[in-house]
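A.B. asks: Return a 3D structure for these sequence lines:
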Amino acid sequence: PVHNPPLNLLRETIASVRNSGVDPATMQLAVVDDASTDLAVLDWLKQLSDQGMEVLRAPSRRGLVGNWNACVAAARGEWVHILHQDDRVRPGFYAALETGIRQAPHIGAALTQTAFISENGTWLRDAHLDQANPGLLDHWIQHVVVNLAFQCPAIAVRRAVYQQVGGYDDRFRYCADAEMWQRIAADYPLWFDPRPLAEYRIHPASATHQLFTLPERWRERRRCLHQGLPRLSPIIRARVRQAGLHYQTRLAWTEWRQAWKQASAWSARLRLLPALAQVGTFNTFLDMRRRRFPAPIPGRAPVRSTDP
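C.D. replies: Alright, predicted model coming up:
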């Protein structure tokens, strides 16, 4: 999915797929454009189309979530990987997913560890999903609901699962992906490969930074957490809610401090002060100060004996 992307980053995204070791004859590679207006982007998309790549252009804006759903609707293969316009995959990514799919054909999605990279592609860190060996994802409640431990470029979903659970929920803007992963993980086992074979880029021109203020992100994360609770056993809902809010507060505090440090003028810092009241609760700040963490919440993968 693309919309007026930084052209140099989109080139990297497409090159990463082409260099990942896949056979183009076995994969549908399509650019789904959400009514871009940048003339340089439009010219390059035309070049891609002339070279034989599938380019699907919307006549009018569908929005971020609408374009993701358009990607799913346009997919013809059994598995769907939505790779955003500024992210990348590393060689071996698709082979790793294929291995998991062959070993556990009943899974609903397959993913790898995520590597975070900077605007210029420099490695920053790997994500915090700490399962050491490839296999069905253990403790999915902890890694998907309580403290989401992977990013969009790292996961591919069986197309039949999308058809079963429904599309991305357009009532969410920032957390539509996280809400989808919760729905899938509640009904289907996930396969995980611990190698960091997908790259999530952090940069000022990303949709995360351009479209959402800090309080908007924080409010939607809380709403996403609360919406997922009814899918869990009533026995653990209170623990999941408390633990999820703890990690959301930690993340919000980190984001607020980063924004404060990056603010170049005192006027910008003053505008950040009202958001501080929305970071989290006093008790969570005390836990953070005392270096206390909620106990991990186990969760066995849902059992399915047949494909979706």
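
A.B. asks: how distant is stretch 35-49 from the center of its chain?
C.D. replies: Mean C-alpha position of stretch 35-49 versus that of the full chain (CA atoms, centre = their mean, to the nearest Å) differs by 25 Å.

A.B. asks: quick one: strands adjacent to the helix or strand harbouring residue 157?
C.D. replies: Per DSSP states H and E: residue 157 is located in strand 155-158. Within its sheet, and counting by DSSP bridges, strand 155-158 is paired with strand 79-80 (antiparallel), strand 109-117 (antiparallel).

A.B. asks: right, so of those strands, which gets closest to residue 229?
C.D. replies: Proximity to residue 229 (CB to CB) singles out strand 109-117 among those, at 20.8 Å. Bear in mind the C-beta positions are built from the backbone N, C-alpha and C, glycine included.

A.B. asks: Averaged pLDDT, the closest one. What do you get?
C.D. replies: For strand 109-117, mean pLDDT rounds to 98.

A.B. asks: Please identify the buried residues of it?
C.D. replies: The neighbour-count check on strand 109-117 (16 or more other CB atoms under 10 Å) flags 109, 110, 111, 112, 113, 114, 115, 116, 117 as buried.

A.B. asks: give the contact list for the fourth one.
C.D. replies: Under the criterion of CB atoms under 8 Å, 6 or more residues apart in numbering, the contact partners of residue 112 comprise 93, 96, 97, 154, 192, 193, 194, 195, 196, 197, 198.

A.B. asks: Next: the third one.
C.D. replies: The contact partners of residue 111, taken as CB under 8 Å, 6+ apart, are 97, 137, 150, 154, 155, 156, 190, 191, 192, 193, 198.

A.B. asks: pretty sure residue 218 belongs to a strand, no?
C.D. replies: No - going by DSSP: H, G, I helix; E, B strand; the rest coil, the assignment for residue 218 is helix, not a strand.

A.B. asks: Give the closest residue to it in space, chain neighbours not counted.
C.D. replies: residue 252 (4.9 Å; CB to CB, 6 or more residues apart in numbering).

A.B. asks: what's the span of stretch 166-181 from first residue to last?
C.D. replies: 12 Å (CA to CA, to the nearest Å).

A.B. asks: on that earlier part again, any of the contacts of residue 112 buried? List them.
C.D. replies: 93, 96, 97, 154, 192, 193, 194, 196, 197, 198.

A.B. asks: check which helix or strand covers the third one.
C.D. replies: If I follow you right, that is residue 97. helix 93-103.
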